[in-house]
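Q: Quick one: sequence plus predicted model below, questions after.
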Amino acid sequence: MDQAEEEKVFQERVDAEEKIEPKDWMPDKYRKTLIRQISQHAHSEVIGMQPEGNWLTRAPTLHRKAVLLAKVQDEGGHGLYLYSAAETMGVSREEMIDDLHEERAKYASIFNYPTLTWSDIGAIGWLVDSAAIVNQISLQRTSYGPYARAMVRICKEESFHQRQGYNIMMTLMRGSDEQKAMAQDSVDRFWWPVLMMFGPHDSDSVHSAQNMKWKIKRQSNDDLRQKFIDQTVEQANAIGITLPDPDLKWNEERGHYDFGEIDWEEFRRSMSGGGPCSRLRLAHHRQVHEEGEWVREAMRVYENKKRSNQEAA
Ligand code: BYC
């Protein structure tokens, strides 16, 4: 088959909802865009451990600390599933990490914001994990098999994360005036950056049209953002939190909440290294990566030894 025929057969398979597997033929651009998206997703999970890890030693009770520790470990695990899924496309872990360190690869802009108070941990669990779930439920049906399967497991764990975040917020909103004010302040700071997690408007999204055709993306950035807003308004009302958007109101005709415009300039700044903690996040990742070199070296020696023992046997 020539290139055009291969592409036609590939698209027919995608249209028929068949999963594409690592050894199947795929267009080079499909491979490249998936490596980009999956590796960026993996980087987000791992960089996301930093703002939350910041509160591990200061969690208010032993119970909260144990739960947060488990959550942060889960995020590391999600990174691992995702790096493994990206590796099935022929890219190495070293290349992906190098791209992150050299700022050729991105990670979710939300993790460039600081966690200033304990309730920020609640806001991240409730809002950031909810946004992630809305996006990732849709990605469970993505066309690339290893990515879709990784999403199924990740979504189960994210649901638990979301509940722990909502539980923190609910507890604070039943507490003293100071606790209520702290919870409200976290939501005031995180609300707009969370809406940015869904990416630019569909009309400005560079990758959406092609990636919807290849069924890498199953729902558009704007549709997912709307879905998240509709479900979150109800949750906020239930615990007495005010979402910081004066334009937020139910639109009977559309059957959705209307909402205000995102500050896209802030989004662009945060996503391209100009967020409040961008430098810190990358510097920390580089430092920890360098400190872990002895572990990778030990693994290489172990693997070589095992191979030579097998060859000798
Ligand atoms: N932040 O054409 P577009 C988590 C970039 S972590 C930074 O719409 P696409 C968690 C985009 O990459 C969950 N950059 O792109 C962890 C592109 O630039 P490049 C993370 C963003 O790919 C710890 C450009 O903007 N989830 O759950 O079609 C604790 C144009 O955008 C962002 C995922 O990664 C952003 N927010 O759509 C707690 C989900 N948005 O690459 C929780 C998987 C856009 O050309 N990813 N950009 O240089 C996706 O679903 C899609 O990649 C996106 C963007 C919806 C994010």
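A: That came through fine. Residues are numbered from 1 along each chain as shown.
Q: Smallest distance to the ligand belongs to which residue of this structure?
A: At 2.4 Å from the ligand, Gly48 is the closest residue in the chain, using CB to the nearest ligand atom. Bear in mind the C-beta positions are built from the backbone N, C-alpha and C, glycine included.
Q: if I pick that residue, what's in contact with it?
A: Gly48 makes contact with Glu75, Tyr107, Ala108, Ile110, Phe111, Val128, according to CB atoms under 8 Å, 6 or more residues apart in numbering.
Q: go again using 6 Å as the cut-off
A: Neighbouring residues of Gly48 by CB atoms under 6 Å, 6 or more residues apart in numbering: Glu75, Phe111.
Q: Could you check how far it is from Glu293?
A: Going from Gly48 to Glu293 by CB to CB, to the nearest Å gives 23 Å.
Q: I'd assumed Lys306 was in a strand, is it?
A: No: with DSSP: H, G, I helix; E, B strand; the rest coil as the criterion, Lys306 is helix rather than part of a strand.
Q: Quick check: buried residues in the longest helix along the chain?
A: Longest helix in the chain by number of residues (criterion: DSSP state H): helix 145-173. Under the neighbour-count criterion of 16 or more other CB atoms under 10 Å, helix 145-173 has 145-148, 150-151, 154-155, 157-158, 161-162, 164-166, 168-173 buried.
Q: and what of stretch 247-263?
A: Leu248, Tyr257, Phe259, Ile262.
Q: Which strands border the helix or strand containing the second one, and is each parallel or antiparallel?
A: When you say that, I think you mean Tyr257. In the assignment (DSSP states H and E), Tyr257 maps to strand 256-258. Here strand 256-258 is paired, per DSSP bridges, with strand 249-251 (antiparallel).
Q: Mind listing residues that contact the partner strand?
A: Tyr257, Asp258.
Q: Check the offset of it from the chain's centre.
A: 28 Å (CA atoms, centre = their mean, to the nearest Å).
Q: average model confidence for it?
A: Averaged over strand 249-251, pLDDT sits at 98.
Q: go on, stretch 213-233?
A: For stretch 213-233, mean pLDDT is 98.
Q: Which residues of this structure lie near the ligand?
A: 36-37, 40-41, 44-45, 48, 75, 106, 108-109, 124, 128-129, 132, 135, 196-200, 205-208, 211, 217, 221, 271 (CB under 6 Å from any ligand atom).
Q: are any of the residues you listed buried, and which?
A: By 16+ other CB under 10 Å, these give 36-37, 40-41, 44-45, 48, 75, 106, 108-109, 124, 128-129, 132, 135, 196-200, 205, 208, 211, 217, 221, 271 as buried.
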